[in-house]
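Enquirer: Dropping a prediction and its sequence here:
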Amino acid sequence: MKAKPLLIKEASVSFGSVEVFRNLSLEISQGEFVAVVGPSGCGKTTLLNLFSGFLKPSLGSVVCSGRVRMVYQHDGLLPWQTAAQNIALGLRDLSSEAERKRQLNEMLRLINLEEFAGHYPHQLSGGMRQRVELARALAGDTDILLLDEPFSSLDYLTGLRLRRELARMLEELPRTVVLVTHDIEEAAQLADRILVLSDRPARICRELRMSLPRPRELTHPQVVETVHAVLAEFGLEQDKVGV
């Protein structure tokens, strides 16, 4: 049985009178890619904050076994540092300078930006900046990647390309991933398991599993059926399929 690097057990979270979670339990296996979808304000980002340790539950427990990195909707690159220098921040815990240089070159190769290593963030496109952000998060001894709508600020075609990039990167550098997204297609294309959250206090009202290898085509029947099933859960479409 795989280890459980991420575990929430009967956790409750409230902000004043607003109850976000009540007795929420969730297990995520090592190497699993889980996507979380749900209505706005239901607590998706709060879930990531529990896993990252930024937030503690008022009741229950959270176990996170491994080193965590987060990627947000808007990239957090340092504007006064080059693409290479930003990625190198993810390697700063490595004691060997030679190993840091080797891994930096490997990450630049992985995101196909070797020629842009010396460029500053303002000289890069939005897609390039997000690739640098992903490389920085994947660099070094990261075990768990938390993604908070990382592609939502990009145009549609760039977002599609970045999904493929992420799938390719994870094939070379496997990680446990939790993705929060409003994009149901994105969840169906990338995740091994999709969790649908209800309105507050949020609970997991449906769980869908994907058996297809990544990357997945948007037109594949299982992807299409999964999107329909999630929409039906939100009351936006009649659920005619079983997934």
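Expert: Structure received. Not measured: the values here are computed from a predicted model.
Enquirer: which ones are touching the nearest residue to Ala117 once chain neighbours are set aside?
Expert: Excluding its sequence neighbours, the residue lying closest to Ala117 (CB to CB, 6 or more residues apart in numbering) is Ala84, at 4.0 Å. Backbone N, C-alpha and C define where each C-beta goes, glycine included. Listed by CB atoms under 8 Å, 6 or more residues apart in numbering, the contact set of Ala84 reads Leu104, Leu108, Ala117, Gly118.
Enquirer: Write a PyMOL command that selects only the buried members of those residues.
Expert: Buried subset of those, written as a PyMOL selection, criterion 16 or more other CB atoms under 10 Å:
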select buried, resi 104+108+117
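Enquirer: Pipe the contacts of Ala84 into CSV and attach pLDDT, distance to Leu160 and secondary structure per row.
Expert: Listed next are these as CSV, based on pLDDT from 0 to 100; distance: CB to CB, whole Å; DSSP: H, G, I helix; E, B strand; the rest coil:
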residue, pLDDT, distance to Leu160, secondary structure
Leu104, 92, 28, helix
Leu108, 92, 23, helix
Ala117, 94, 25, coil
Gly118, 95, 28, coil
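Enquirer: I'd like to know which of the contacts of Ala84 is nearest to Arg136.
Expert: Relative to Arg136, the closest of the contacts of Ala84 is Leu104; by CB to CB it sits at 10.3 Å.
Enquirer: Need the pLDDT of the residue nearest to the closest one when sequence neighbours are not counted.
Expert: Closest residue to Leu104 apart from its sequence neighbours, by CB to CB, 6+ apart: Ala88 at 5.5 Å. According to the prediction, Ala88 has pLDDT 93.
Enquirer: cool, and Ala11?
Expert: In this prediction Ala11 is given a pLDDT of 94.
Enquirer: Next: Glu165.
Expert: pLDDT at Glu165 comes out at 87.
Enquirer: Tell me, how many residues neighbour the residue nearest to Leu104?
Expert: 20 (other CB atoms under 10 Å).
Enquirer: SS state for it?
Expert: Here Ala88 is recorded as helix under DSSP: H, G, I helix; E, B strand; the rest coil.
Enquirer: swap in Val178?
Expert: Going by three-state DSSP: Val178 is strand.
Enquirer: So for stretch 124-137, what gets flagged as buried?
Expert: 124, 126-137.
Enquirer: same question, stretch 202-211
Expert: For stretch 202-211, by 16+ other CB under 10 Å, it's Ala202, Arg203, Arg206, Leu208, Met210.
Enquirer: Distance of the closest residue to Glu114 other than its chain neighbours relative to Glu99?
Expert: Among residues not flanking Glu114 along the chain, Leu108 sits closest, at 4.8 Å (CB to CB, 6+ apart). Applying CB to CB, to the nearest Å, the value for Leu108 to Glu99 is 15 Å.
Enquirer: Same question for Leu26.
Expert: Separation of Leu26 from Glu99 (CB to CB) stands at 35 Å.
Enquirer: ok, the two, which is more surrounded?
Expert: It is Leu26, of Leu26 and Glu99, that has more neighbours when counted by other CB under 10 Å, with 21 against 12.
Enquirer: Give me the angle between whichever strand or helix holds that one and strand 176-180.
Expert: In this assignment (DSSP states H and E), Leu26 forms part of strand 18-28. Following axes from the mean of the first three to the mean of the last three CA atoms, to 10 degrees, one obtains 150 degrees for the angle between strand 18-28 and strand 176-180.
Enquirer: List the beta-bridge partners for Arg209.
Expert: Arg193 (DSSP bridges).
Enquirer: from memory it sits against Leu195, does it?
Expert: No: Arg209 lies out of contact with Leu195 (CB atoms under 8 Å); the separation is 10.5 Å.
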